[in-house]
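*Asks:* Next input, structure requested:
(one chain, ligands or ions: 1)
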Amino acid sequence: LWALDQCAGITVVQDPSDAAFPDMPLNALNRLRPDHMVTLAAMPRLLSSLVTQPAGEAVKAPESIRFEVEIAKGSVAEMDEMDGLGRRSVLACPTCHGVMWEIDEGPLTRFRCHVGHTFAAEHLSLSLDENLRRAMGSALRALEERLELARKLERDAEGKDQPHLAASWGKRASEYERELSVIRSAVSRMDEIDRGEDDYKAAE
Ligand SMILES: [Zn+2]
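*Replies:* Residues are numbered from 1 along each chain as shown. Predicted coordinates:
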C-alpha cells in the first residue's frame, strides 16, 4: 500500500472500527494517510466509482521501488546497489543469514536481504525469536546428551573402582547441570516475555 501511495496510486483502507481484524487497517493507517477510509459495506460503491474516473497523470515510480520490483522478479541485487537503497544492518537475515539492509519507508523501517527476503521490524523480531528458541533448544539437547554421557562414565568408573576418574566425570556432569539450568531459566524467561506481550496486545 505504501509503495502504491509512493507511485501516486489511490489508496483505500477499511475503517478499523468496522474490521473483523482491525490490525491490518490500523497498520496501514500508521504508515500513511489513505485517500479514502470506508466501511466494508461502502467499499463496493467507492471502488466502482473510482474505476470509472479518468486515470491521473502517470507518475514515475521512485527508483527504490522499481529496483525492489526487479529483485522480486528474481534478479539478485549487487551489494553496492543495495547500499543505494538503505543502510547495512548489523542484523543478519533470519531466513538465509545473509547481510540485511534497513530501508526507511516514511515513519517505519523495513529490512531486506540481497536475496529478497523482506521483513517489517515487528515480523523480524518474531523471526529472530524463533531462531533464538531453536538455538536454545539445540543447546539444551546437546547439553542433556553430554550430561547423560558424563553420568554414565561416572557410574562406569565407580563400577571399575576408579574413584578419581569417577569424581572427574561427576564434576563435569555437575557443570553441565548448572549450564542446563541457566538455559532452561532463559527459555522460561522468554516465555514470560511472550506472555507479557500477548497480554499487552490483548489490552490494546
Ligand atoms: Zn535472506
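*Asks:* how about the residues of the protein that lie near the ion?
*Replies:* Residues of the chain lying close to the ion (Cβ under 5 Å from the ion) are 93, 95-96, 98, 113, 115, 117. The C-beta positions use only the backbone N, C-alpha and C, and glycine is treated the same way.
*Asks:* Put the buried members of those residues into a PyMOL selection.
*Replies:* Buried members of those, defined by 16 or more other Cβ atoms under 10 Å, are picked up in PyMOL with:
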select buried, resi 93+113+117
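*Asks:* Kindly reformat the residues of the chain next to the ion as CSV containing pLDDT and secondary structure.
*Replies:* Rendered in CSV, the data for the residues of the chain next to the ion read as follows (pLDDT from 0 to 100; DSSP: H, G, I helix; E, B strand; the rest coil):
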residue, pLDDT, secondary structure
Cys93, 90, coil
Thr95, 87, coil
Cys96, 89, coil
Gly98, 90, coil
Cys113, 88, strand
Val115, 81, coil
His117, 86, coil
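*Asks:* Return the closest of the residues of the chain next to the ion with respect to Glu70.
*Replies:* Val115 (13.3 Å; Cβ to Cβ).
*Asks:* Who are the contact partners of that closest one?
*Replies:* Neighbour list for Val115: 76, 93, 95-96, 98 [criterion: Cβ atoms under 8 Å, 6 or more residues apart in numbering].
*Asks:* Ok, Phe111 next?
*Replies:* The contact partners of Phe111, by Cβ under 8 Å, 6+ apart, come to 89, 91, 93, 100-103, 118-121, 124.
*Asks:* just the buried members of those?
*Replies:* Buried members of the contacts of Phe111, scored by 16+ other Cβ under 10 Å, are 89, 93, 100-103, 118-119, 124.
*Asks:* Let me have the contacts of Val115 in JSON lines, extended by distance to Tyr176.
*Replies:* As requested, the contacts of Val115 are arranged in JSON lines below (distance: Cβ to Cβ, whole Å):
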{"residue": "Val76", "distance to Tyr176": "44"}
{"residue": "Cys93", "distance to Tyr176": "33"}
{"residue": "Thr95", "distance to Tyr176": "32"}
{"residue": "Cys96", "distance to Tyr176": "33"}
{"residue": "Gly98", "distance to Tyr176": "34"}
